[in-house]
Structure formats: structure tokens, C-alpha cells
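I need the structure of the sequence given here:
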Amino acid sequence: MARTWTGHSGPTSLLEVRDLEVIFTRRGRRDVRAVDGVSFSVDAGETVGIVGESGSGKSITSLAVMGLLPNRGCDVSGSIRFDGADLRTLSRDQMRDIRGRDIAMVFQDPMTSLNPVVTIGKQVAEVLER
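Okay, here's the model as predicted:
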């Protein structure tokens, strides 16, 4: 994913990603640079969607922020800070505590994606009512 947008980084930024790079290394093959210098921030109360072409690095960027990329064969560099804490230095247990409670992501599966003619709020409310 190429650098396409740098968001506002104000005093209330909860998530700050700076110069994120993700490179997949494969023995005997050329390295794959999946994310290249991505920077953005998310302020308190803000919801962010990452949009781009297929294969542009959206999922890899999100997985890197969530700490869900494999340890082997994947080099992640740059800064990922949440509420002042460097997420890249936290233990698995500490990250598990943050995921879902403080940071979450919604994966889009074409078979279960949101309906474009119904508001997102209504669709989420329907799930919560079940």
C-alpha cells in the first residue's frame, strides 16, 4: 500500500501510525513489500475506513495495526501507537486485552458484506438485537 493520506494528528489522537512498512520475506524468492510508508491517525470519537483497490495493502495495514501478522517471514517497521502506548512492544496478552475492547476491525466478506441500500447503523443494530 503506497502512502496516500496522512490524517490530522491532534492532541486527542488515539491511534497514530507513522511510516508503516510491511515486507514479506520468502526464502529463495524476492521480498514482497506489501505496505510502504503508510501514515495516518485516528482521533477520539472518530471512525475510519480504509479503502483501496484489491491488493493495495488495506488488510495488511489493518492486520499490522492489530498485531495479527505472523512473526516469521514478515518484517514490520514504523510506529504504531494507541493512546500513547507503542503497540509493537506489547506482549500477546496485552494486545489481546486491547483488541475488541479498544480497537476493532470489520472484515468485509463479499458473501456477508453490508447492504449498500440499508444504513450501516440499522444493519449493526439488527445484529445487536439478535
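
ok, now how distant is Cys27 from Asp93?
Careful, residue 27 is Arg; it's not Cys. 31 Å (C-beta to C-beta, to the nearest Å). C-beta coordinates here come from the backbone N, C-alpha and C atoms, glycine included.

Can you list phi and psi of Asp93 for me?
Backbone geometry at Asp93, expressed as degrees, to the nearest 10, gives phi -60, psi -40.

Share the number of residues neighbouring it, please.
7 (other C-beta atoms under 10 Å).

That one and Arg99, how far apart?
Distance of Asp93 to Arg99, computed by C-beta to C-beta: 11 Å.

for Thr119, same thing?
Note on Thr119: its distance to Arg99, by C-beta to C-beta, is 26 Å.

cool, Ser79 as well?
Between Ser79 and Arg99 the computed distance is 19 Å (C-beta to C-beta).

which SS state does the residue of the chain positioned farthest from its centre fall under?
Distance from the centre of the chain peaks at Gly28, with 29.0 Å (C-alpha atoms, centre = their mean). Following DSSP: H, G, I helix; E, B strand; the rest coil, Gly28 is assigned to coil.
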